[in-house]
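1. Got a predicted structure plus its sequence, pasted below:
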Amino acid sequence: KAFRSFFERVKAGRTPGFPRFKGRGWFDTVEWPKDGDGCRWDFQPGHPTATYVRLQGVGHVRVHQHRPVKGRVKTIAVKREGSRWYVVLSCDDVPAETLPATGAVAGIDLGVASLVTTSDGEHVANPRHLAATADRLADAQRDLARKKRGSKRRRKAVARVATLHAKVRRQR
């Protein structure tokens, strides 16, 4: 399909856009644009306490649901981060929860020198999570640079670097 489209663009005189190879690790997310169209959320075949998602071509997959889903599930995405898999839901018609009025007013400034400055004059320092992990990350990347491409040990070193980056991302 990609090559047919490519040659059609060449014949039409448009910018061809050569198809590129998309390897095994290219795609980290699969999204279903509508609940029930190839994917169904909270599909419970005889399990009233467990939460399942049904994926077309895969089957029923048990999900650790960390909080209740509010509203109507609109789209479902399955995402891979390292060796972990996540189900990402986007919902419609989510009921708005208003917080009780306290009467207090505060101004917040997001800055560069300090992360947050409030109108009371309080400064919250930037925790600099990447700088705290920089030594371990540098070691892991040096270790990765010495590995032979395509080897099993290189794959393990790549996973180690990715894990450290993921930790910084979660801390942020």
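-> That came through, no problem. Numbers count the residues shown, from 1 in each chain.

2. Now the lengthiest helix in the chain: buried residues?
-> Secondary structure of the chain read by DSSP state H shows that its longest helix is helix 152-171. By 16 or more other Cβ atoms under 10 Å, the buried positions in helix 152-171 come out as 154, 157-158, 160-161, 164-165. (Glycine included, C-beta is placed from N, CA and C.)

3. Cys39: neighbour count?
-> Cys39 has 23 neighbouring residues, counting by other Cβ atoms under 10 Å.

4. Same check on the one 10 residues further on?
-> Thr49 has 5 neighbours, counted by other Cβ under 10 Å.

5. returning to that earlier point: name the helices or strands packed onto the longest helix of the chain?
-> helix 129-145 (3 or more Cβ pairs under 8 Å, 6 or more residues apart in numbering; DSSP states H and E).

6. ok, back up a step: wait, which of the buried residues of helix 152-171 is closest to Gly57?
-> Checking the buried residues of helix 152-171 against Gly57 by Cβ to Cβ gives Val158 as the nearest, at 27.7 Å.

7. So the closest one versus Lys148, what's the distance?
-> 12 Å (Cβ to Cβ, to the nearest Å).

8. How about Ala96?
-> Ala96 is 55 Å from Lys148, where distance means Cβ to Cβ.

9. Same check on Gly121?
-> In terms of Cβ to Cβ, Gly121 sits 56 Å off from Lys148.

10. Thr15 now?
-> As judged by Cβ to Cβ, Thr15 and Lys148 stand 38 Å apart.

11. what's around the closest residue to Thr117 other than its chain neighbours, how many residues?
-> Distance criterion Cβ to Cβ, 6 or more residues apart in numbering; nearest residue to Thr117, sequence neighbours excluded, is Asp109 at 4.6 Å. Residues within reach of Asp109, counting by other Cβ under 10 Å, total 10.
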